[in-house]
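Trainee: Mind looking at a prediction? Sequence and model below.
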Amino acid sequence: MLAVMVLCSVPAVSAKESMSTPAGIAYAELKERVDEYASKYIGTTTAGANVLIVKDGEIFLNTAYGYSDVENQVNVTTDNVFEWGSVTKLLVWTSVMQLVEQGKLKLDEDIRTYLPEGSLTKIRYDAPITMLNLMHHNAGWEEKFTDLFYMSANEIKPLEEMLHITEPYQVNEPGSVVAYSNYGVALAGFIVEQLAAQPFYDYVNEHIFSVLDMKDTTIHPTQEDNASVATKRDEINGYIVKNDGEFTISKNERIYIGLYPAGSAIGTIADAAKFMMALMPADGTNSPLFQNNRTLDEMLTTSDFYDDGFPRNAHGFWKGLYTVDALEHAGNTDSFSSNFTFSNDEDMGVIVFTNQAGEAGLSYGLPTLIFGEYSAEEGKLTMPNAQELEGNYFMARQPYKGFTKLYSALSIGRFEATDLNNVDAFGMKLEQIAPYLYKSLNDYRVYFHVTLNEGKVKKISMPTSDFLPVTQKMKIMNLFSLLAVAFSGLYTLIVLLILFIKKIKNRKKTVRATVVDKWELLLLSANSIPFINIIVLAYRTLNYASYTNLKIHFWVNYAYIAFVAICLVAIFAGWKITTTTRSQKIRYTFSCISALLLVVLIFGWELYH
């Protein structure tokens, strides 16, 4: 019997050695090819990384590169923990589908059925918001820049309270526009919390981590439920890389996520592999995550498509474009990047964890190395002229209300054709590889799908967000704002400089300033306040100050508006009782206009809340 077993195993081993990845790399050479590929990035654009490949229900490769502590030359090991970032969202969708399987939740039901009364207060449209809308990121919400990340664990509040603090305005009708939403995912986690009658992190611990024996992973926002992971997290630094290739520890590399279901998982790559393999059970076996594989199959079936018919999303899992059918999800925190890509058809997956902010070379390149570069089908290569895309666009995933909507003016980019099949857009070079399908030529390898309406571009879509044409109203507002800022800033600076020079020249003379002159000087001096206040506000927002801590800046703008009103009244009152020349009247008028323009901008860009 032993001899028979040995003889039978030889052909199987030989067959496996002769097998190749979808990209045509022999498995016997895969480790060498991955090492070779990683060497192009480690130490130049990437501080450190873990790379893991699963095949046929087993870990085929688990290797580490670079440093967890660059300064002290401490190597990354396979036992290091990494921040998952948005890959965490896959735990939310898995939890949701478990409840669907149990009959506790319906994907096409209005989510308000499952929420406490009055939970959503900024809804604009009457159309229902379903769990599928949350999964597809098309519930219509704007982006929010505050209260996602915190610098202290003490600032984290219960999930329900965090959702109340961070609730965004609904700006698009559900199902019409895709705009990636951390809020929507966290809301889905809260619905799980409501239906399961336990905190979401406890639910995940009980129904995913414990089931899969993932002892080295936690989703808790402060990691207080897993002391081992919390300790290991302190043993690895997160990095940013400067243009000269120098690695520096990210200023905010230790952050805590308020909407934690959207991105707070931290763990080892081997634990992440257990989750991935549970999504690819062997034939004839059941996934430990579900009572029946039909639920798993439903979860991994395409549920949202681009307008050109390409699959876009499978119940929260993004559809990847490779030589084979694959699902994926990437993740980023302040100084960690990750990617999670797998193909059920190939029973194969790739996980990349890096301690590098915005890392792309490994995170997006390695899955392509394994699964192969997508190419268009034969017979579909007659390309339309890329000039059709030319114009200004804005990303749908942006703030539309409140002080951060000023970001929308900065997020506008132009699609500019460089020839019949190539476009420059948002700092990227795009190549048309199929009719109205473009691929970025940078490390991110993003695919853009073009939707036309009566011959004009309606939107340009990448997986996580649509790009929409800039409206005439936006153009007028942005142009007016630019001219207003330029006029007010330059006028104020020039007049104050002239008055200062006159003051120096007349320092030995007795020149009495009129009441109007004094009020004008006060008004012009105050014009610097909005500029300084907005710069400080932007800096603090980018460094994760909470909305509560930012309110002082809104009060400063209120005070400025009140002070402008007082100055205007005083100037016009003094004007009537003071003899003024024509040139003085013109100067006073322009001084008042310069301040009024800034007041209009404060209201127009909602810099008061």
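Mentor: Arrived safely. Numbering: from 1, shown residues only.
Trainee: immediately after the helix or strand bottoming out on mean pLDDT in the chain, which helix or strand?
Mentor: One helix or strand of the chain scores below all others by mean pLDDT, DSSP states H and E: helix 2-18, with a mean of 41. Beyond helix 2-18 on the C-terminal side, the first helix or strand identified by DSSP states H and E is helix 27-39.
Trainee: same for that following helix, what does it pack against?
Mentor: If contacts are counted by 3 or more C-beta pairs under 8 Å, 6 or more residues apart in numbering; DSSP states H and E, helix 27-39 sits against helix 2-18, strand 48-55, strand 58-69, helix 361-371. Where C-beta positions appear, they are placed from N, C-alpha and C, glycine not excepted.
Trainee: Please identify the helix or strand for the nearest residue to Asp110 once chain neighbours are set aside.
Mentor: Closest residue in space to Asp110, ignoring its immediate chain neighbours: Pro128 at 3.7 Å, by C-beta to C-beta, 6 or more residues apart in numbering. Here Pro128, judged by DSSP H and E, is contained in no helix and no strand.
Trainee: Does Pro128 touch Pro174 like I think?
Mentor: Yes: applying C-beta atoms under 8 Å as the test, Pro128 and Pro174 come out as touching, 7.0 Å apart.
Trainee: separation between Lys458 and Ser488?
Mentor: For Lys458, the distance to Ser488 equals 37 Å [C-beta to C-beta, to the nearest Å].
Trainee: These two: which has the busier surroundings?
Mentor: Neighbours per residue (other C-beta atoms under 10 Å) separate Lys458 from Ser488, with Ser488 holding more: 25 against 14.
Trainee: SS state for the more buried one?
Mentor: For Ser488, the assignment made with DSSP: H, G, I helix; E, B strand; the rest coil gives helix.
Trainee: what's the burial count for the residue nearest to it when sequence neighbours are not counted?
Mentor: Leaving aside its sequence neighbours, Ser488 sits nearest to Ser594 (C-beta to C-beta, 6+ apart; 4.3 Å). Using other C-beta under 10 Å, Ser594 has 20 other residues around it.
Trainee: Kindly give the local confidence score, pLDDT, for Ser594.
Mentor: At Ser594, the predicted lDDT confidence score is 96.
Trainee: cool, and Phe500?
Mentor: 86.
Trainee: What ranges does the stretch 401-550 of the chain have for its helices?
Mentor: Along the stretch 401-550 of the chain, counting by DSSP state H, counting those that start in this stretch, helices occupy 407-410, 472-505, 515-526, 528-542, 547-577.
Trainee: Turn these into TSV, including distance to His207.
Mentor: What follows is these, written out as TSV (distance: least, C-beta to C-beta, whole Å):
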stretch	distance to His207
helix 407-410	38
helix 472-505	45
helix 515-526	58
helix 528-542	36
helix 547-577	33
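Trainee: tell me the most buried of those helices?
Mentor: Comparing these by mean neighbour count (mean count of other C-beta atoms under 10 Å), helix 515-526 comes out on top with a mean of 18.
Trainee: quick one, that one and helix 547-577 angle?
Mentor: 160 degrees (axes from the mean of the first three to the mean of the last three C-alpha atoms, to 10 degrees).
Trainee: For helix 515-526, name the packing helices and strands.
Mentor: Using 3+ C-beta pairs under 8 Å, 6+ apart: helix 515-526 touches helix 472-505, helix 547-577, helix 582-604.
Trainee: Give me the contacts around it.
Mentor: Residues outside helix 515-526 that contact it (C-beta atoms under 8 Å, 6 or more residues apart in numbering) are 492, 495-496, 499, 513, 560, 563-564, 567-568, 570-571, 574-575, 578, 580, 584, 587-588, 591-592, 594-595.
Trainee: Between Pro128 and Pro174, tell me which one has more neighbours.
Mentor: Comparing Pro128 with Pro174 by other C-beta under 10 Å, the one with more neighbours is Pro174, at 22 against 14.
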